[in-house]
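Enquirer: Mind folding the following:
(chains A, B and C)
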Amino acid sequence: MSDAPKDLPEASERRLEEIEHGLFTSDLSVNEFLLVKEAGYHPLGLVMGSSIYHTGLQTRKWGESQELTKLTEAMYNARELAMTRMEEEASELGADGVVGVRLDVNYYEWGKDAAEFIAVGTAVKAEDGVSRRNALGKPFTSDLSGQDFWTLLRTGYLPQGLVMGTCVYHIAHRGLGQTLATTGQNVELPNFTQALYEARELAMTRMQDEASQLGAAGVVGARLEEKTHQWGSHTIEFLALGTAVTRTADEITLTPPVTIISLDH
Amino acid sequence: MSDDLPEAAHGRLQGGAFTSGLSVADLAACHAMGLEPVGLVQGFCAMQWGYGPARTGFGGGLGMGFASGLAPSVARGGYVENYQCPHAMVSAEHRQWGQNYEQTWVEQSWHDGYDAASRRMLEEATALGAHGVVGVVDTVASLVESGVVEFHLLGTAVVVSGLERPATPWTSSLAGQRLAKLFEAGYAPVSTIAVVSSVRVWASCMTEYFMGSGAGLWSSPSDSVEIDQLVSARTRARQLVRERARSQLRGDELHGVDLRVSEREPGPGDIDIEVQLRGNRVRRARPADPLTFPRPTVALS
Amino acid sequence: MTGAAPSPNASGDLPAAVRQALAVAEPVGGARAGLTSDLTIDETLILHSVAWAPRDLVVGLSVQSVPSSIWSWGSGEIELASRAHARAFAHAVARLHAEAVAVGAHGVVGVHVERRILASHIEVELVGTAVAPADAPRIPDGQVFVSDLSARDFALLLAGGWRPVALAVGASFTYAPRRAVGAALRQQTQNVELTNYTAALYDARSTAMERMQRAALDAHGAGIVDVTVTEGPLRFAAHAIGFTAWGTVVVPASSSQTIDPLTVVSLDDAVNAFDVAPLA
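Expert: Sure, this is the predicted structure:
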């Protein structure tokens, strides 16, 4: 793509220029590299995006379970920024997509309430010259390994994008009265159940919404992560992550698998 | 759909795209088996924890009940075993009795919590019109606050075209290739099973001494001695889960069993043993037809 | 290593087999009601392929109390500890064996050894899978074997013409020798071998190995495979050192079988791509 990205630092642009002259870098293993080639794609280079984000404060009510929308927004936007920059780097290289994306969060001593969100992956381009960009005209992203990428394509799917949904939820502390009232029994705590159940459902819903926006047929490899970051035990981020996929017109070329009894340990 | 599920679940389950927790390899294997993923399903339950007859019965003053010379009768139903002091000695510090007892109330609460989470996951799966749930994983832990135990189950609901829907979806912790092998071996998944046993050891004077925390009232033995009370409690705790799991099988088999043991020592001579057993209940659907022995290979890597 | 075997479904139509299996309401012939096994599906299949099958999950454990005073300063072997360790293992194996005999098994494979050595007691817990050839009658109790080989190793061993007969264990606990104060001072600036240390540790290690070998000979074995050796200072008594070794005693069953491996290049990275990854 020719539209120059706006917010990438200079060193990054120099690095990308070198890559454009034919040298490729990738953190793919030899096995993955060969499988990506086998799938008809060529690795272009390692791309990354990062964003250091200051998360705002939000008051939490001691006795009330609620979503902390401001924190949810912060966590979401920061990751989105890192991802977008990575996509820009990939665009700069003329890539069709990015495989093996890793999303990390780093905390530094110097940054109170600040965290660095990083996205790193390998940009790839289809060798037949036909664009495989997603419904939004951007390179697709996915956290699939080279092996998974090959298998997915053979199964008749194409990745559309790494999709995520997040929900930062504050779980009410129990008041003394409540605690006393249930002393002496091991019983279900409906309020806790409701709050934690709902938070997970919200994160999963948002991930599915992202997938729908991409016109995806489904999400594979969905994971649900629980992080407390640095907010204390009653405030929890639920992060749902997965790769949205669409069906391609290509026929399914994965040969029916042969049953193998593994002699592996 | 049941009112047991939170608001957000209703909305999510009506969404368009399928979501699956399956890896790409597992997805490919599911396609090969004719299982179509329809959505990620979960079930959740938070239980209050840490209370029971043990606390209210003789909490704090544990020694008192024993010193009176009578065996305490705390466990109603379940395994109990008493150990009497062999010494003719009456003293406030000397334990006259030791006891192993099954904490049936702990087991009951654990099963209640697990079953509620499991039931909710199945409700979500039913709402999606699923035949089964594959790749079920569970976590039993405290996320928010001690004194609360959370049971969370997560799996991928699947439908099988051309098959009548069962009243309750089947479940399995297997997915992908391993599930395919299960079918090829002539088995069908029925359900995941998780059971627990909880046994408390209140050490007798001898056990306490042998565990190294008692006062040395008699001379050191010149040889090693088996600590019968502890061996008995641990053996029984492991037997209980196996019996419990077996009682749920009704003619089926249990495969891939995972036995997890944890022990706490809330105080000297007081040991809390918990054993969790998980496995896949499977049904033999056609007579065994073993594969030929695989040709061993050496990977050049 | 991996090996391929053709599918048992002559038609090769997996979806049809899946639908058919899911429609079955009652277990059919060949099902072993109440069977409990901790084997993975791969291990079950590989066991079936050598005409063996799991019978039940079996457990054996023992806790031996030792006077904590034995760990304090002394010299030579701590015989009471070595004896307690041997006894804890013997009792645990005997209980595991009894459980296996009770379910009519011919042996126990995949035994996980959990062991703790504390100042006041030595604990051994063994968990394994009782196995037997499919539909085989009981054999005399004395012939039921215990082995820490995995089901996969067991099947491969059978295919290669060997069979396991017993678990052999050897242990030796010893006090680290002391250096005279004068010697320690003299050696402070020199590079010298501490010959008395060398000798003591060498001795203890040999003793543990020798005891394991003695156990193997008592079981009329031809050799020991998959030996696990642990050694090092004890956490609670830095001047006491423990050496233990255990492995499976094997004997040849037939001389003509070989495994004849095939060489392959795998394109998988060093992970098992088909494992169910934990989602949390």
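Enquirer: Would you tell me what the next helix or strand after the lowest-mean-pLDDT helix or strand in chain C is?
Expert: The least trusted helix or strand in chain C, going by mean pLDDT, DSSP states H and E, turns out to be strand C:2-4, with a mean of 42. With elements assigned by DSSP states H and E, the helix or strand that comes after strand C:2-4 is helix C:14-22.
Enquirer: For that following helix, name the packing helices and strands.
Expert: Counting contacts by 3 or more Cβ pairs under 8 Å, 6 or more residues apart in numbering or on different chains; DSSP states H and E, helix C:14-22 packs against helix B:24-33, strand B:148-160, helix B:176-184, strand B:187-202. C-betas here are computed from N, CA, C, even on glycine.
Enquirer: which parts of the stretch 51-200 of chain C sit against chain A?
Expert: Contact residues, the stretch 51-200 of chain C versus chain A (Cβ under 8 Å from any Cβ of the partner chain): C:Ser150, C:Arg152, C:Leu156.
Enquirer: ok, of the residues you listed, which one's closest to B:Glu208?
Expert: Of all those, C:Ser150 has the smallest distance to B:Glu208: 38.9 Å, by Cβ to Cβ.
Enquirer: Just give the number of residues close to the nearest residue to that closest one once chain neighbours are set aside.
Expert: In space, and not counting its chain neighbours, C:Ser150 is closest to C:Gly110: 5.0 Å by Cβ to Cβ, 6 or more residues apart in numbering or on different chains. Residues lying near C:Gly110 (other Cβ atoms under 10 Å in any protein chain shown) number 23.
Enquirer: for C:Gly110, what are its contacts?
Expert: Applying Cβ atoms under 8 Å, 6 or more residues apart in numbering or on different chains to C:Gly110 gives the contacts C:Asp38, C:Leu39, C:Glu43, C:Gly128, C:Thr129, C:Asp148, C:Leu149, C:Ser150, C:Ala151, C:Phe154.
Enquirer: out of those, who's nearest B:Ser109?
Expert: Nearest to B:Ser109, judged by Cβ to Cβ, of the contacts of C:Gly110 is C:Asp38 at 26.0 Å.
Enquirer: contacting residues for that closest one?
Expert: Going by Cβ under 8 Å, 6+ apart, C:Asp38 touches B:Gly256, B:Val257, B:Asp258, B:Leu259, B:Gly279, C:Leu57, C:Gly110, C:Val127, C:Thr129.
Enquirer: how far away is the last one from C:Asp148?
Expert: Same thing as C:Thr129. When distance is defined by Cβ to Cβ, to the nearest Å, C:Thr129 is 11 Å away from C:Asp148.
Enquirer: Just want to know which of those two has more residues nearby.
Expert: Counted by other Cβ under 10 Å, C:Thr129 and C:Asp148 do not tie: C:Thr129 has more neighbours, with 27 against 23.
Enquirer: Using the three-state scheme, assign that one.
Expert: Three-state assignment for C:Thr129 (DSSP: H, G, I helix; E, B strand; the rest coil): strand.
Enquirer: I'd guessed it sits against C:Leu35; true?
Expert: No - if you go by Cβ atoms under 8 Å, C:Thr129 and C:Leu35 don't touch, sitting 10.4 Å apart.
Enquirer: what touches both of the two?
Expert: Common contacts of C:Thr129 and C:Leu35 (Cβ under 8 Å, 6+ apart): C:Pro54, C:Arg55, C:Asp56.
Enquirer: Poorly predicted segments of the chain, please.
Expert: Since you didn't name a chain, this refers to chain A. A:1-6, A:19-22, A:57, A:109-112, A:175-184, A:250-265 (pLDDT under 70).
Enquirer: Chain C was what I was after
Expert: C:1-12, C:30-31, C:179-182, C:184, C:268-280.
Enquirer: those helices in it, which residues are they?
Expert: C:14-22, C:41-49, C:79-102, C:151-159, C:181-186, C:195-218 (DSSP state H).
Enquirer: So what's the gap between the third one and the chain middle?
Expert: Using Cα atoms, centre = their mean, to the nearest Å, we find the averaged C-alpha position of helix C:79-102 to lie 14 Å away from the chain's own average C-alpha position.
Enquirer: Buried ones in it, by neighbour count?
Expert: Within helix C:79-102, the residues scored as buried using 16 or more other Cβ atoms under 10 Å in any protein chain shown are C:80-89, C:91-93, C:95-97, C:99-101.
Enquirer: same thing with stretch A:211-221?
Expert: Within stretch A:211-221, the residues that count as buried by 16+ other Cβ under 10 Å are A:Ala211, A:Leu214, A:Ala216, A:Ala217, A:Gly218, A:Val219, A:Val220, A:Gly221.
Enquirer: swap in stretch B:12-29?
Expert: Within stretch B:12-29, the residues that qualify as buried are B:12-13, B:15, B:17-29, counting by 16+ other Cβ under 10 Å.
Enquirer: How about residue 153, nearest residue that isn't a chain neighbour?
Expert: With no chain named, the answer covers chain A. Using Cβ to Cβ, 6+ apart and skipping the chain neighbours, the partner closest in space to A:Leu153 is A:Ala39 (5.0 Å).
Enquirer: Chain C, not that one
Expert: Counting by Cβ to Cβ, 6+ apart, C:Asp226 is the residue found nearest to C:Asp153 once chain neighbours are left out, at 6.9 Å.
Enquirer: Could you report the distance from that neighbour to chain A?
Expert: Distance of C:Asp226 to chain A, given as Cβ to the nearest Cβ, to the nearest Å: 11 Å.
Enquirer: which non-adjacent residue is nearest A:Leu214?
Expert: Excluding the flanking residues, the one nearest A:Leu214 by Cβ to Cβ, 6+ apart is A:Gln160, at 4.4 Å.
Enquirer: Helix, strand, or coil at the one you found?
Expert: Secondary structure assignment for A:Gln160 (three-state DSSP): strand.
Enquirer: on that earlier part again, indicate which one of the helices of chain C is closest to B:Asp112.
Expert: Ranking those by their distance to B:Asp112 (criterion: Cβ to Cβ) puts helix C:14-22 first, at 29.6 Å.
Enquirer: Taking strand B:148-160 as reference, get the angle to that closest one.
Expert: In terms of direction (axes from the mean of the first three to the mean of the last three Cα atoms, to 10 degrees), helix C:14-22 departs from strand B:148-160 by 120 degrees.
Enquirer: got the angle for helix C:14-22 vs strand B:187-202?
Expert: If you take the same axes, to 10 degrees, helix C:14-22 sits at 50 degrees to strand B:187-202.
Enquirer: buried residues in helix C:14-22?
Expert: Buried residues in helix C:14-22 (16+ other Cβ under 10 Å): C:Leu14, C:Pro15, C:Ala17, C:Val18, C:Arg19, C:Gln20, C:Ala21, C:Leu22.
Enquirer: since we're on the residue in the stretch 101-250 of chain B that chain C sits nearest to, how many residues are nearby?
Expert: Residue of the stretch 101-250 of chain B nearest chain C, by Cβ to the nearest Cβ: B:Gly212 (2.7 Å). Around B:Gly212 there are 16 other residues, counting by other Cβ under 10 Å.
Enquirer: Please name the nearest non-neighbouring residue to it.
Expert: Using Cβ to Cβ, 6+ apart and skipping the chain neighbours, the partner closest in space to B:Gly212 is C:Ser120 (2.7 Å).
Enquirer: I'd like to know how many residues surround that neighbour.
Expert: Neighbour count for C:Ser120, taken as other Cβ under 10 Å: 18.
Enquirer: Quick check on the contacts of C:Gly110: which are buried?
Expert: Listed as buried from the contacts of C:Gly110 are C:Asp38, C:Leu39, C:Glu43, C:Gly128, C:Thr129, C:Asp148, C:Leu149, C:Ser150, C:Ala151, C:Phe154; burial here means 16+ other Cβ under 10 Å.
Enquirer: remind me which residues of the stretch 201-301 of chain B are low pLDDT?
Expert: For the stretch 201-301 of chain B, applying pLDDT under 70 flags the ranges B:213-221, B:299-301.
Enquirer: one step back: now do the residue nearest to A:Leu214 against chain B, distance only.
Expert: Between A:Gln160 and chain B the distance is 10 Å, computed by Cβ to the nearest Cβ.
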